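Undergrad: sharing a model prediction with you, sequence too.
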Amino acid sequence: MSFDFRLPRRDLLKGMGATGLGAALGTGSIRPLYAKGQAPITIVVNQSPWFASFRRTVEAYEAATGNKVELDVNPFAGSLEKQRNSVRAQRGQYDILIMNSGWFTEMYAGGFLDAITDIDPGFKLDPEIYTLGDTIYYNAQKKTVTADGKLMSLPVSPLIPLLYYRGDLYKQAGLAAPKTFAELEANAARFHKPPGMYGIVQRGARGPHTVAYDFYPYLYGFGGGIFKDQSAGDYSVTLNSPEGRAALDYYIRLARTVGHPKTAASDQAEVIQAMVTGHAAHIMMVIAAWSQMDDPNKSAVVDKIEFAPPPSQPGLPTAPGLGHWLAGISRNVPDDRKRAAVEFLRWFQTKDAQMETAKAGGIPVHAAVYKDPIAQERKYRWMKPLAEALPHAVNIYQFPEANDVIAVLEIGLNRAVAGEISSVDALNGMSAEIHKIMEKYSYKTGGLQPLK
């Protein structure tokens, strides 16, 4: 799918600044941030709430350089399938892969990407780019993401969930944004008046990475986790800990007492819809949906939604799960397309390009944007809580077989939310299956005694 619309250059320069477009990057010799006359490239990307902003940023790049970029847009699962097929072909169809947090390690460990600095040793990562738990690097010897590895990708969208809440209702009630789970539950109960208003609407549907992703802020916010210490290579399964049980019990209790009666069937679209139509007092949603809240064509609650870091237990930090997206360059494409892909990424990481992303409704990956006066504007009121939460974001998976584990979580959590099995049975069952997966792939692993 190709997007041929191009922004007029004069409009682009008004938004980005002619000086910024020709500035130097990093130290050393002065060079343009991008090079014109590059080979056309194709980017495979998923359709998601942040896609429109990415498309507009790509259009800005085309307008600035004259270089051509084709976007192949797919559903979440379809994008992964196309990437897997392309990287295993003799010649790849896609030059840049937009990879989710659930599968980028698969691409690293499989040797399907070329390191950016192997293609262009002169490439310098902008020091204010969020490295998102150093997930843009990979050390092949250690088989883990670590800053001493090679630069394998560039962040595209630093997605984490935030708490969206009805600021107008909070103001009327004289409440402050909840910082603990107890406060969130109490506030949700206060506003819960179904069917007109639900205290909170949660995602519980089974999907490629659906209910599991929305459960992470609760699991880690209660002090739980899936593995003991991935960075140290210890994949002992800790999901069925007392903290894990407290988190899942809480998630289910919210759904049953102050939530939507069809939580187990609710996916991202239904959760967002509940908020923009004024039927939810709270949602815990990936920040990419922020622009829909103030879109008068979609929202009945324009300027009424506020944002906060996800709550946590007292004494513990907020712990949103990284659901970010990274851009890597496929190894099995011609060299001229690899170089063209590097030029796109060189441009994409600049503050000016990331300002364009923010103005288009996206989530910038450059820290300077969050310090810019734009962050003080009412429209961008989500920037401050996002910047507060990002340093605490948890990289959930550091191994290439993560999708096997996610599939287990999707089934078990969905069944628990639906009331088909108890939280104890769900956690014990998921933990046992995850332990088998880690044994199958020869990881150092173990487990806890089953919950009773």
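TA: Okay, I see it.
Undergrad: low-scoring pLDDT stretches of the stretch 151-300 of the chain, where are they?
TA: Within the stretch 151-300 of the chain, the set of residues satisfying pLDDT under 70 is empty.
Undergrad: quick one, strands of it?
TA: Counting by DSSP state E, counting those that start in this stretch, one finds strands in the stretch 151-300 of the chain at the ranges 153-157, 161-166, 227-229, 234-237, 282-286.
Undergrad: so what strands line up beside the third one?
TA: So the one you mean is strand 227-229. Applying DSSP bridges, strand 227-229 is found paired with strand 234-237 (antiparallel).
Undergrad: so Asp126, which state does it fall into?
TA: Three-state call for Asp126 (DSSP: H, G, I helix; E, B strand; the rest coil): coil.
Undergrad: nearest spatial neighbour of it, chain-adjacent residues omitted?
TA: Among residues not flanking Asp126 along the chain, Gln349 sits closest, at 4.8 Å (CB to CB, 6 or more residues apart in numbering). C-beta: built from backbone N, CA, C; applies to glycine.
Undergrad: just give me the neighbour total for the one you found.
TA: Gln349: 22 surrounding residues under other CB atoms under 10 Å.
Undergrad: list the residues that contact it.
TA: 125-126, 129, 154, 365-366 (CB atoms under 8 Å, 6 or more residues apart in numbering).
Undergrad: by neighbour count, which of those wins?
TA: Ranking the contacts of Gln349 using other CB under 10 Å puts Val365 first, with 26 neighbours.
Undergrad: go ahead and confirm it touches Ile136.
TA: No. Assessed by CB atoms under 8 Å, Val365 is found out of contact with Ile136, at 9.8 Å.
Undergrad: nearest to Lys440, of the strands of the stretch 151-300 of the chain?
TA: Between Lys440 and the strands of the stretch 151-300 of the chain, the shortest gap by CB to CB is with strand 234-237, which sits at 11.5 Å.
Undergrad: list the buried residues in that closest one.
TA: Across strand 234-237, burial judged by 16 or more other CB atoms under 10 Å covers 235, 237.
Undergrad: measure how far it is from the centre of its chain, please.
TA: A distance of 24 Å separates the centroid of the chain from that of strand 234-237, by CA atoms, centre = their mean, to the nearest Å.
Undergrad: stretch 388-397 too?
TA: Put simply, stretch 388-397 sits 10 Å off its chain's centre (CA atoms, centre = their mean).
Undergrad: can you pull the residues that touch both of Val365 and Ile136?
TA: In contact with both Val365 and Ile136: 154-155, using CB under 8 Å, 6+ apart.
Undergrad: quick check, pLDDT for the residue nearest to Asp126.
TA: Listed pLDDT for Gln349 reads 96.
Undergrad: so that it lines up with my notes, have the first residue be 21 from now on.
TA: OK, 21 is where the count begins now, so the last one is Gln369.
Undergrad: rewinding a little: right, and the strands of the stretch 171-320 of the chain - which one's nearest Pro420?
TA: Closest approach to Pro420 among the strands of the stretch 171-320 of the chain (CB to CB): strand 254-257, 12.6 Å.
Undergrad: pull the residues that contact the closest one.
TA: Surrounding strand 254-257, the residues in contact under the criterion CB under 8 Å, 6+ apart are 246-248, 419, 451, 454-455, 458, 463-468.
Undergrad: now Gln222: how far from Val425?
TA: 21 Å (CB to CB, to the nearest Å).
Undergrad: for the two, indicate the residue with more neighbours.
TA: Neighbours per residue, other CB under 10 Å: of Gln222 and Val425, the larger number sits with Gln222, 27 against 24.
Undergrad: in this structure that one contacts Thr277, no?
TA: No. If you go by CB under 8 Å, Gln222 and Thr277 don't touch, sitting 11.9 Å apart.
Undergrad: before we move on, the earlier item: which of the contacts of strand 254-257 sits closest to Leu336?
TA: Out of those, the member with the shortest distance to Leu336 (by CB to CB) is Ile246, at 16.5 Å.
Undergrad: leaving out the residues flanking it, which one is nearest to that closest one?
TA: Spatial nearest neighbour of Ile246, chain neighbours left out: Leu259 (5.1 Å); criterion: CB to CB, 6+ apart.
Undergrad: same question for Ile180.
TA: Leaving out its chain neighbours, the residue that sits closest to Ile180 by CB to CB, 6+ apart is Pro340, at 3.9 Å.
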